[in-house]
Structures are given as C-alpha cells and as structure tokens.
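K.L.:
my questions are about this predicted structure, shown below with the sequence.
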Amino acid sequence: MPILLEEDFEYALPDMYRIRQKFRNDALTLETLETTLRVQLRQDIIRNKLKPGQKIAVAVGSRGIRNLLFIVRTVIDEMKQAGARPFVVSAMGSHGGGTEEGQRRVLADYGITTENLQVPICTSTNVKKIGMTSKGLPVYFDQAALEADLIVPINRIKLHTDFVGELQSGLCKMLVIGLGNQIGCSALHEAPPEDFAGVIEEAAGIILNQTKVGFGLAVIENGYDKTAIVEAIAAENLVKREKELVQVAKDYMPTLMIPEIDILIMQEIGKNVSGAGYDPNIVGRSSVLEQYTLTVPAVRRMILLDVTAESHGNGIGVGLFDIITREVHNKLNLEQMYANAIACKCIEDVKIPLIAATEEEAIRVAVKVTREISPDSIKIVRIKNTLELEYIEVSAALLPEIANNENLRIAEGCEKR
C-alpha cells in the first residue's frame with residue numbers, strides 16, 4: 001500500500017534557487033603546493049631526520065583529502081632523494097571493515113597504489129600493545145610501522161565529528177586511532193566523548209615516546225575543499241603545534257549560513273567526506289557530540305539521497321537522518337557499517353530510518369510529518385555533502401534571508417531550479 005495519501009501529492013513542491021556561499025578563499029595551486037611541500041620537508045629540523053637506507057613508514061588514512069596522491073607522492077620523492085626507502089602503511093582504524101583487503105581498497109580509491117607511487121603498500125592490521133593510559137586503556141600500534149626506522153603520518157587537521165578539545169582530527173589521532181587499527185580503535189573508544197581529546201593527547205605521548213615517529217605532515221583545507229596549508233612538524237613539537245593548527249582549521253571551515261531549516265536534503269554521505277559520514281559541526285546533528293564548536297543551523301528534518309562509492313557501503317551516519325531513499329538502503333554494506341559503528345561505540349549512527357521510494361516521496365513525507373508548516377512557506381535547503389558547501393539550493397521561502405546576508409547570493413544563471 002502507498003505510504004502517502006492522494007492529497008499529499010496535490011500541491012507543487014516549492015521552486016529551488018541555487019545559492020553561492022562565500023568563505024575564506026586562500027588556497028595553494030598545485031605549483032605552490034609542491035613548492036611549499038618541498039620547502040617544509042627541507043627544513044633542517046625535518047631533513048636531518050631522513051637518513052640513507054632508512055625504511056620509512058608513511059601513514060596514510062581514509063579521509064578524502066584534496067590532492068592526497070600529489071602530497072604523498074611529493075613526500076615520498078623527497079624521502080627517496082635523501083636515500084631513504086619509504087613505504088605506505090594504512091592508518092585508518094576500523095575503516096575499510098578493519099581488514100587488510102578493505103583498507104587496501106580504500107587507499108586505491110585515492111590513487112594510493114604501488115603503481116602510482118612506486119613503493120610498497122602495507123595494509124596489514126597486525127598491532128602490538130605498547131602502553132597503557134592513566135585510566136587503564138591499552139594503546140596499540142601498527143606492527144609494520146613499529147618495525148620501520150622512521151614513521152611519518154600525513155593527515156588533515158580539522159574539527160572532529162564526535163568530540164571536542166584542544167586536539168581533534170589530525171596527526172595525533174591518526175597515530176593513536178589510525179595506526180591502532182581496529183583493535184586499538186575499539187580499545188580507546190571505551191573513553192567517553194567528553195574525555196576523548198585528553199585520551200588522544202596522552203596516548204599520542206606514549207606513542208611519541210615509544211616509537212620512531214620522526215615528523216608529521218599537517219594539511220588544512222579551506223571552505224571550498226581546497227588545500228590551504230601544508231606544514232611539516234617535528235615529532236618533538238607535534239602535540240603543541242597541532243593544538244594551534246586546530247584553531248587555524250576552525251577559521252577555515254565552511255558553514256551553512258541558514259539559521260533555521262525545516263527540511264535539509266543531503267545528496268550524499270561517505271567515509272571520504274567525514275569519518276562520521278557527514279560533519280555534525282556543519283549541520284548540528286550527532287549521536288555523541290553534544291557541545292558543538294561552530295554555530296550550526298536548527299534543522300527539523302533531514303533527508304539522505306545517496307552514499308558515496310568510495311565508502312563501499314559503509315553508510316555510518318545514516319541513522320541520524322529522518323528519511324532515506326530506497327537507493328541509499330540498497331547500497332548499505334551492513335558488515336562494514338556495523339564494524340565501524342561498534343568500534344566507535346556509536347551504533348545509533350547505523351540505525352535504519354524511514355525508507356522512501358524516491359526523492360520526491362521523501363520530501364513529501366518530510367513535509368507531512370513536520371508540524372506547523374505549509375508547502376508554500378517551507379524552508380528547504382539542499383546540499384551535496386558537508387565538504388562542498390559553496391553552492392547550495394534553497395526554497396523560495398528563504399530568499400529574504402539570502403538578500404540580507406552579504407555572504408550569500410543567488411548564483412548567476414541559476415535563479416530557479
């Protein structure tokens with residue numbers, strides 16, 4: 001039987017207008033990115049750590065970092081010029097299903113392959129326990145990285161989706177969670193979200209003292225999902241400098257500049273977008289993050305239309321939507337999704353919402369179940385994902401707010417859709 005009545009189809013859905021949001025726009029071109037990378041890597045405090053014949057583990061994760069292959073290739077080239085023997089080690093915790101094959105597939109999606117880099121790719125998930133935190137949590141570390149002469153993590157610095165604090169998503173978390181593989185990830189997620197930043201800092205200290213981390217390469221992206229900053233940080237300065245870069249990353253983050261939204265339609269979620277599928281710092285809905293670090297819109301209903309191909313069916317985050325389409329449901333790989341959610345202690349994120357047959361049906365359901373609104377005054381916003389927010393679509397009811405915000409304007413040639 002149909003889930004809606006005939007009368008629910010008697011009105012036209014509102015016209016949508018393509019809007020451009022204005023963010024901080026400084027970014028590196030590929031040419032300046034390469035120059036900056038090589039300058040950073042040739043600083044004495046960094047270059048002096050590279051020795052001929054060294055076996056160097058370059059840690060690469062599952063985040064969809066802009067220019068990731070270019071960055072990793074340049075880092076590896078500098079290491080080879082110094083006579084070292086780099087190899088890539090996967091550093092993604094429970095992502096990729098927590099398996100060797102799954103993590104190799106995730107890296108390959110970003111072009112991180114032996115063919116592209118001319119170095120070995122190690123995705124073994126074997127770990128060794130190297131210490132305990134003051135609260136009795138075990139710290140595990142990747143066996144292949146432990147056996148290297150030097151360890152160099154590469155990661156993006158940004159606000160985390162599940163906890164707040166001086167350290168969030170970045171190099172320290174990659175060392176602790178990414179290189180802890182599924183076992184280490186699950187062990188440290190025993191800590192409550194409000195304590196997690198402190199746990200990351202303490203565990204990172206243990207790793208920096210017990211392993212051969214030489215330096216890390218931090219990447220910061222702007223609100224247009226473009227590379228803004230790359231910085232090589234010596235291990236001895238890593239924790240202090242990363243705390244400073246978290247604040248820099250916060251200044252670059254995009255926002256959704258509509259304060260009140262009745263229905264938010266998200267085109268896609270995915271592990272390449274955010275570890276949580278989407279960033280709750282942007283849209284303000286999370287199962288664990290109660291203290292938001294950015295001003296977020298008040299959203300009444302959320303609709304999801306797709307899961308990225310790069311996620312390989314890991315639709316973590318789907319449980320926080322009110323309505324999904326049949327297409328989303330058909331793409332879900334429950335084993336991948338559940339393994340990730342269980343390791344992160346966030347099973348609310350993988351519950352299955354109401355399933356609509358089509359996008360139109362999903363919107364009409366959302367209108368029907370949202371009280372005290374009418375179809376002609378409803379505030380609808382559509383975004384691609386929480387990384388790409390320069391262009392969004394809004395319903396006609398939001399046009400007065402667009403006109404009153406200097407950072408929002410109707411995109412030329414796209415007045416109505």
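P.N.:
Alright, I've got the coordinates.
K.L.:
which residue ranges of the stretch 151-300 of the chain form strands?
P.N.:
Taking DSSP state E, counting those that start in this stretch to define them, one finds strands in the stretch 151-300 of the chain at 215-221, 227-234, 260-266, 298-304.
K.L.:
quick one, the first one and strand 227-234 angle?
P.N.:
With axes from the mean of the first three to the mean of the last three C-alpha atoms, to 10 degrees as the basis, strand 215-221 and strand 227-234 are set at 160 degrees to each other.
K.L.:
which strands or helices does strand 215-221 pack on?
P.N.:
helix 68-81, strand 150-156, helix 171-176, strand 227-234, helix 238-252 (3 or more C-beta pairs under 8 Å, 6 or more residues apart in numbering; DSSP states H and E). No exception for glycine: its C-beta is placed from N, CA and C like everyone else's.
K.L.:
closest one to K331 among the ones you listed?
P.N.:
Relative to K331, the nearest member of the helices and strands packed on strand 215-221 by C-beta to C-beta is helix 68-81, separated by 23.5 Å.
K.L.:
give the rounded mean pLDDT of that closest one.
P.N.:
The average pLDDT within helix 68-81 is 98.
K.L.:
what does stretch 323-332 give?
P.N.:
Stretch 323-332 comes out at a mean pLDDT of 98.
K.L.:
excluding chain neighbours, what is closest to R241?
P.N.:
Distances taken as C-beta to C-beta, 6 or more residues apart in numbering put I233 closest to R241, at 4.8 Å, once the chain neighbours are dropped.
K.L.:
report the beta-bridge partners for that neighbour.
P.N.:
G216 (DSSP bridges).
K.L.:
residues touching it, list them.
P.N.:
171, 215-218, 241-242 (C-beta atoms under 8 Å, 6 or more residues apart in numbering).
K.L.:
so can I have JSON lines of those showing distance to A148?
P.N.:
Output for the contacts of I233, formatted as JSON lines (distance: C-beta to C-beta, whole Å):
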{"residue": "L171", "distance to A148": "16"}
{"residue": "F215", "distance to A148": "13"}
{"residue": "G216", "distance to A148": "14"}
{"residue": "L217", "distance to A148": "16"}
{"residue": "A218", "distance to A148": "20"}
{"residue": "R241", "distance to A148": "23"}
{"residue": "E242", "distance to A148": "21"}
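K.L.:
who wins for neighbours among these?
P.N.:
Counting neighbours by other C-beta atoms under 10 Å, the top entry in these is L171, with 30 neighbours.
K.L.:
now it. Nearest residue, chain neighbours left out?
P.N.:
G216 (3.9 Å).
K.L.:
ok, the one you found - contacts?
P.N.:
Applying C-beta under 8 Å, 6+ apart, the residues near G216 are 152-155, 171, 174-175, 232-233, 235, 238, 242.
K.L.:
do you know the pLDDT at it?
P.N.:
The model's pLDDT for G216 equals 98.
K.L.:
so what's the residue count around R66?
P.N.:
Around R66 there are 19 residues (other C-beta under 10 Å).
K.L.:
residue contacts, the spatially most central residue of the chain?
P.N.:
Centroid-nearest residue in the chain: S274, 2.4 Å away (criterion: C-alpha atoms, centre = their mean). The contact partners of S274, by C-beta under 8 Å, 6+ apart, come to 161, 317, 386-387.
K.L.:
could those residues go into a markdown table alongside secondary structure, distance to G93 and neighbour count?
P.N.:
Below are the contacts of S274 laid out as a markdown table (DSSP: H, G, I helix; E, B strand; the rest coil; distance: C-beta to C-beta, whole Å; neighbours: other C-beta atoms under 10 Å):
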| residue | secondary structure | distance to G93 | neighbour count |
| --- | --- | --- | --- |
| T161 | coil | 13 | 24 |
| G317 | coil | 16 | 32 |
| T386 | coil | 20 | 24 |
| L387 | coil | 20 | 22 |
